[in-house]
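A.B. asks: Predicted coordinates and the sequence they were generated for:
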Amino acid sequence: MKYKLILFLLFFLLLFSLDALEEEENEYTDDDHLFYESGGITIVGSRETTQHIEIIDRETIEKTQARDIPSLLEETLGLGVTRYGPYGNQADINIRGFNTKRTAILINGIPVNSSASGDFDFNSIDLSSIEKIEVIHGCSDTKYNVSGAVGGVINIITVKKQNIGWNFGGGFSNTSYLPGQYNTQYGGVGKPQWRDLADAQNLNLFGAYGAEKYSLRFDIFGNRAGNNFLYQDEYEYARRKEGNEIYDAGASISLINTFKNDSKLITTGTFYYGDKNIPVSGFTSEHVKQKDISTKENILFEMPRAFHDNFSMELSLGHNWKKLTYDQGNEPSIHNEHNISFINRWSWQTNSKITLRFGGDYNFIYLDSTNLGHQESQKIHLGNRGGLYLSAEYLPLKQLLLIASIKGITDGREVVPIPKLGLSWSIKDIVVLKNNYYRSFKFPDFNDLYWVQKGYMGNPNLKNEDGWGADIGADISIKNFLKINSVFYWQWIQNSIHWNNSSGAWKPENYGTGAFLGFDNKFEFTIPYKFEPFEKPVISISWLLQLSWLLSGNLEFADNKRIPYMPVHTLGFSLELPWKTIKKNLPGSLNLSGRFETVRYADTANISELKPYFIMNITYNQKVNNFIAVFAKINNVLNTNYVSFAEYPMPGISLILGIRLNLEVK
């Protein structure tokens with residue numbers, strides 16, 4: 001470690017020594033403006049990155065008509081998702097073999113992972129309020145410089161500068177499941193339940209106003225999901241899912257004030273409430289009640305010219321509160337979590353070749369939980385976590401970017417340096433080569449350390465998860481009709497934390513080392529011909545090869561024990577047929593998409609095998625006039641019987657019908 005840090009510091013010195021060979025006049029460029037991007041707003045962070053980054057824009061969100069964020073990421077980017085059921089149930093997103101706990105989830109550039117569990121409730125954000133989503137693959141992010149990004153970063157952007165005037169709109173959709181006869185738990189035969197044709201509904205509304213100096217937007221949404229679908233149990237009997245009903249609602253508001261010199265004050269706030277029936281297991285109607293309440297408030301001040309044309313700065317202060325009540329019939333389990341975050345980022349463009357970025361973050365954690373600690377006085381836990389970073393972006397050539405970054409993070413007990421080196425080389429604006437080397441590190445979550453419940457026990461002696469990784473990839477783009485992305489990556493992490501019941505009770509342990517080797521490929525081809533009334537069709541293909549090894553105890557690579565829920569091969573495809581109506585020239589599209597996953601294992605011993613599965617979806621969109629659009633989506637067209645998480649069946653075929661409204665008043 002000592003020699004690696006010395007080499008890293010020498011790299012920093014090399015940047016300045018090279019720069020000293022050529023004196024140039026300092027100048028400010030629009031590329032350093034932190035917010036403007038295609039008429040919208042990019043919240044915080046550097047626009048430069050050497051990592052593999054993918055963006056889902058508003059148009060793609062509307063075309064996909066996914067039910068929630070995990071479904072959207074799975075269908076559009078091919079990310080792995082492990083689900084306990086349809087809408088409202090827990091969903092875990094996988095990036096390069098690492099789950100949500102090891103992925104940094106941001107909202108408008110602000111980290112929102114739970115300090116207690118490390119997870120994030122994706123249901124608290126409705127897709128109708130999202131402008132775009134950025135997904136950064138790989139560890140040690142240098143775009144936002146956040147901690148805990150072992151697998152990558154998912155930044156959900158909800159803020160956008162509104163057009164001048166009023167804007168109103170919303171949408172409504174209904175989800176139908178196929179009724180049919182089924183076997184009851186008492187041995188009888190149940191009749192078709194025709195109310196399953198109106199199983200789930202989503203309603204969302206928004207209002208916005210834009211002016212020269214400020215803009216305002218307000219969103220509200222509500223969902224009802226019965227989640228009553230037919231499935232086959234482990235004995236291949238037809239069953240009807242019950243005891244999994246979800247009712248939730250939320251609201252969000254954002255206000256943007258613009259001052260002189262383009263400085264901005266962005267204020268955001270959200271509220272979410274969920275009333276959920278959580279199944280005890282996937283093959284039973286027995287359930288417990290869970291209620292979620294959460295709020296998020298944040299104030300962000302951004303100065304693209306801070307005291308000097310070559311300096312820019314952003315300052316953020318936020319508060320997240322979440323209360324989870326889990327009623328198991330006896331004494332309820334109640335968890336109160338408060339997070340106060342402070343982020344300050346600076347950018348200094350020393351000249352046209354070197355940009356320095358530095359800053360830090362601080363997070364104060366307050367947890368009051370009935371399942372933390374053994375005694376009443378121990379149920380409240382406080383935490384202080386944060387860090388400082390310094391990164392240098394060097395352009396020795398117009399086509400070549402070098403990034404060196406180091407961040408020191410702390411949990412109040414120890415300080416850990418997290419270095420990264422990255423390179424991006426553009427060849428004739430057709431091929432971009434990227435190469436990164438980084439350290440991956442994560443402190444244990446509070447539940448892992450202190451959880452106390454009947455049959456469950458935290459482990460305060462856990463070690464930090466720590467490792468290294470590297471990737472090399474290429475982005476190829478040819479005249480807007482061919483896009484290819486291929487990334488080869490390797491990463492390993494030691495002291496990986498997993499819960500097991502080998503001692504008779506569930507307890508987290510450091511499981512040794514997890515190793516990952518992957519080859520991620522995406523291909524998109526736009527056929528450069530139009531067939532009236534069709535526009536140019538788009539074909540997309542993705543293939544992820546991922547090998548994983550669990551190296552705990554006496555296990556070695558030769559034992560070939562795979563990490564649970566990691567398929568070796570994941571294949572995806574989509575065919576989009578866009579068109580414009582002949583008379584009114586209104587856009588529409590038909591999209592056919594599919595996904596195939598090979599064998600997965602539900603345990604570390606690789607005994608419980610989950611069968612391969614293939615699912616296919618069809619989505620139809622059509623704009624009726626300038627204000628109204630309709631859509632229809634058939635999920636799981638082939639009515640495939642499969643499970644995402646062990647013993648939790650997923651729905652078969654379903655139909656979503658909906659309408660969107662959008663009215664602008666100048």
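C.D. replies: Now that the structure is in, tell me what you want to look at. Numbering: from 1, shown residues only.

A.B. asks: Determine how far stretch 341-357 lies from the middle of the whole chain.
C.D. replies: Shown here is stretch 341-357, whose average C-alpha point lies 26 Å from the average C-alpha point of the whole chain (Cα atoms, centre = their mean, to the nearest Å).

A.B. asks: try stretch 554-570
C.D. replies: The offset between the C-alpha centroid of stretch 554-570 and the centroid of the whole chain comes to 24 Å, using Cα atoms, centre = their mean.

A.B. asks: Can I get it in PDB, CA atoms only?
C.D. replies: What follows is the C-alpha trace of stretch 554-570 in PDB, where atoms were taken according to Å, rounded to 0.1, in the frame of the first residue of the first chain:
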ATOM      1  CA  ASN A 554     -10.500 -23.200   2.100                       C
ATOM      2  CA  LEU A 555     -12.300 -22.400  -1.200                       C
ATOM      3  CA  GLU A 556     -10.000 -21.600  -4.200                       C
ATOM      4  CA  PHE A 557     -10.600 -20.600  -7.800                       C
ATOM      5  CA  ALA A 558     -10.600 -24.300  -8.800                       C
ATOM      6  CA  ASP A 559     -13.700 -24.900  -6.600                       C
ATOM      7  CA  ASN A 560     -15.700 -22.500  -8.900                       C
ATOM      8  CA  LYS A 561     -18.200 -21.500  -6.200                       C
ATOM      9  CA  ARG A 562     -20.100 -18.600  -7.700                       C
ATOM     10  CA  ILE A 563     -21.500 -15.600  -5.900                       C
ATOM     11  CA  PRO A 564     -25.300 -16.000  -5.300                       C
ATOM     12  CA  TYR A 565     -27.600 -14.600  -7.900                       C
ATOM     13  CA  MET A 566     -24.800 -14.100 -10.500                       C
ATOM     14  CA  PRO A 567     -25.700 -15.600 -13.900                       C
ATOM     15  CA  VAL A 568     -22.700 -16.300 -16.100                       C
ATOM     16  CA  HIS A 569     -24.500 -15.000 -19.200                       C
ATOM     17  CA  THR A 570     -27.100 -12.300 -19.500                       C
END
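
A.B. asks: Could you give the average pLDDT over it?
C.D. replies: Over the span of stretch 554-570, the pLDDT mean works out to 92.

A.B. asks: Flag every buried residue along that stretch.
C.D. replies: Applying a neighbour-count criterion of 16 or more other Cβ atoms under 10 Å, the buried positions in stretch 554-570 are 555, 561-567, 570. (C-beta placed from N, C-alpha, C; glycine too.)

A.B. asks: before we move on, what about stretch 178-186?
C.D. replies: For stretch 178-186, the buried set under the neighbour-count rule, 16+ other Cβ under 10 Å, comprises 179, 182.

A.B. asks: Identify all contacting residues around that stretch.
C.D. replies: Identification of contacts with stretch 178-186 by Cβ atoms under 8 Å, 6 or more residues apart in numbering yields 189-194, 196-197, 229-230, 237-240, 284-285, 639, 652-654.

A.B. asks: Over that stretch, what's the mean pLDDT, rounded is fine.
C.D. replies: Within the predicted structure, the mean pLDDT of stretch 178-186 is 89.

A.B. asks: In PDB, list the C-alpha atoms belonging to it.
C.D. replies: Taking C-alpha atoms only, stretch 178-186 is exported to PDB below (Å, rounded to 0.1, in the frame of the first residue of the first chain):
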ATOM      1  CA  LEU A 178     -54.800 -12.900 -16.500                       C
ATOM      2  CA  PRO A 179     -57.700 -14.400 -14.400                       C
ATOM      3  CA  GLY A 180     -58.000 -18.200 -14.200                       C
ATOM      4  CA  GLN A 181     -58.800 -21.200 -12.000                       C
ATOM      5  CA  TYR A 182     -56.300 -22.000  -9.200                       C
ATOM      6  CA  ASN A 183     -55.700 -24.300  -6.300                       C
ATOM      7  CA  THR A 184     -56.600 -22.900  -2.900                       C
ATOM      8  CA  GLN A 185     -54.400 -23.600   0.200                       C
ATOM      9  CA  TYR A 186     -57.300 -25.800   1.600                       C
END
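
A.B. asks: Give me the PyMOL select line for the contacts of stretch 178-186, limited to the buried ones.
C.D. replies: Restricted to buried positions by 16+ other Cβ under 10 Å, the PyMOL selection for the contacts of stretch 178-186 reads:
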select buried, resi 190+193+196+229+230+239+240+652+653+654
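
A.B. asks: how far out from the middle of the chain is stretch 457-471?
C.D. replies: Between the centre of stretch 457-471 and the centre of its host chain there is 21 Å, according to Cα atoms, centre = their mean.

A.B. asks: Send over it as PDB, restricted to the C-alpha atoms.
C.D. replies: These are the backbone C-alpha positions of stretch 457-471, laid out as PDB (Å, rounded to 0.1, in the frame of the first residue of the first chain):
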ATOM      1  CA  MET A 457     -27.800 -10.800  15.600                       C
ATOM      2  CA  GLY A 458     -25.400  -8.100  14.300                       C
ATOM      3  CA  ASN A 459     -21.700  -8.400  14.500                       C
ATOM      4  CA  PRO A 460     -19.800  -5.300  15.900                       C
ATOM      5  CA  ASN A 461     -16.400  -7.000  15.100                       C
ATOM      6  CA  LEU A 462     -16.900  -6.900  11.300                       C
ATOM      7  CA  LYS A 463     -14.000  -5.800   9.200                       C
ATOM      8  CA  ASN A 464     -14.300  -3.200   6.400                       C
ATOM      9  CA  GLU A 465     -14.900  -4.400   2.800                       C
ATOM     10  CA  ASP A 466     -11.800  -3.600   0.900                       C
ATOM     11  CA  GLY A 467     -10.400  -4.400  -2.600                       C
ATOM     12  CA  TRP A 468      -9.000  -3.300  -5.900                       C
ATOM     13  CA  GLY A 469     -10.200  -3.300  -9.500                       C
ATOM     14  CA  ALA A 470      -9.500  -2.200 -13.100                       C
ATOM     15  CA  ASP A 471     -11.300  -2.000 -16.400                       C
END
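
A.B. asks: Great, nothing more from me.
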